[in-house]
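1. Next input, structure requested:
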Amino acid sequence: MEMELLPYGVVLIALLGLALLVRSLGVLRAFQQQIRQMFSRARIQWITWGMLVFPLLVSGGVWFWLSSQEKVALLIKWAYVFFMLGTWLTLSLAMFLLYLLYRLEQKPSVAMLSSPVLIVPLVAYFSPFQRFFEVFGMYPQLAIPCGVVMFIVGVLVIFEIRRELLFLS
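-> So this is what the prediction gives:
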């Protein structure tokens, strides 16, 4: 009975980490001018495009590796790719916001610290495919929407970062 609830708990933790990341975006508005002085416009563009492209390239590599795993169902492969894509993107964005605060010599809020604290264990634990399969093997339909939501929100966060730092005054 307990193992049946584990995938739901993992999805809840992942989405909570994502919600805390979104809540932390206020730091961009609060320190907009200082961040613009710290990074050039071209550097901000380069960083945000890298945040968009790199996860997709890594996911393509993971998908290529998974395609060689013949014993694994297609649905669980998709679930793994989407879930890991979403968690890695969320973690990358949370760490980027923490890095900005570190460079600005500001203390992060509890919400900003909580997002990576929740996501790091998920990324570390589920990076080996076998562990992901053990938890979500019977419930890949939970991991796919969670990963897709995390990815879509992550992309929206990247565009919000671009909008705040490149276009708004």
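2. and the longest helix for the protein?
-> helix 74-103 (DSSP state H).
3. tell me what that one is packed against?
-> Other helices and strands packing on helix 74-103, by 3 or more C-beta pairs under 8 Å, 6 or more residues apart in numbering; DSSP states H and E, are helix 2-23, helix 26-30, helix 32-38, helix 41-67, helix 110-126, helix 129-136, helix 140-162. To be clear about C-beta, it is placed using only N, CA and C from the backbone, and glycine gets the same treatment.
4. repeat that for 6 Å
-> Applying 3 or more C-beta pairs under 6 Å, 6 or more residues apart in numbering; DSSP states H and E, one finds that helix 74-103 contacts helix 2-23, helix 41-67, helix 110-126, helix 129-136, helix 140-162.
5. low pLDDT regions in this protein?
-> Counting by pLDDT under 70, the chain has low-confidence residues at 1-3, 168-169.
6. Tell me which residue is most central in it.
-> Thr90 (1.7 Å; C-alpha atoms, centre = their mean).
7. State the distance from that residue to Ser68.
-> 27 Å (C-beta to C-beta, to the nearest Å).
8. you'd agree Gly86 is up against Val148?
-> No. If you go by C-beta atoms under 6 Å, Gly86 and Val148 don't touch, sitting 7.0 Å apart.
9. neighbour count winner among these two?
-> Legend: neighbour count by other C-beta atoms under 10 Å for Gly86 and Val148, higher for Gly86 (29 against 15).
10. Number of residues surrounding the closest residue to the more buried one other than its chain neighbours?
-> Closest residue in space to Gly86, ignoring its immediate chain neighbours: Met150 at 2.7 Å, by C-beta to C-beta, 6 or more residues apart in numbering. Residues within reach of Met150, counting by other C-beta under 10 Å, total 27.
11. what sits up against stretch 25-35?
-> Contacts with stretch 25-35, where a contact means C-beta atoms under 6 Å, 6 or more residues apart in numbering, come from 104, 164-165.
12. for it, the distance to its chain's centre please.
-> Between the centre of stretch 25-35 and the centre of its chain there are 20 Å (C-alpha atoms, centre = their mean, to the nearest Å).
13. The nearest residue to Leu56 once chain neighbours are set aside and Gly9, how far apart?
-> Of all residues not flanking Leu56 in the chain, Leu85 sits nearest, at 7.8 Å (C-beta to C-beta, 6+ apart). Going from Leu85 to Gly9 by C-beta to C-beta gives 20 Å.
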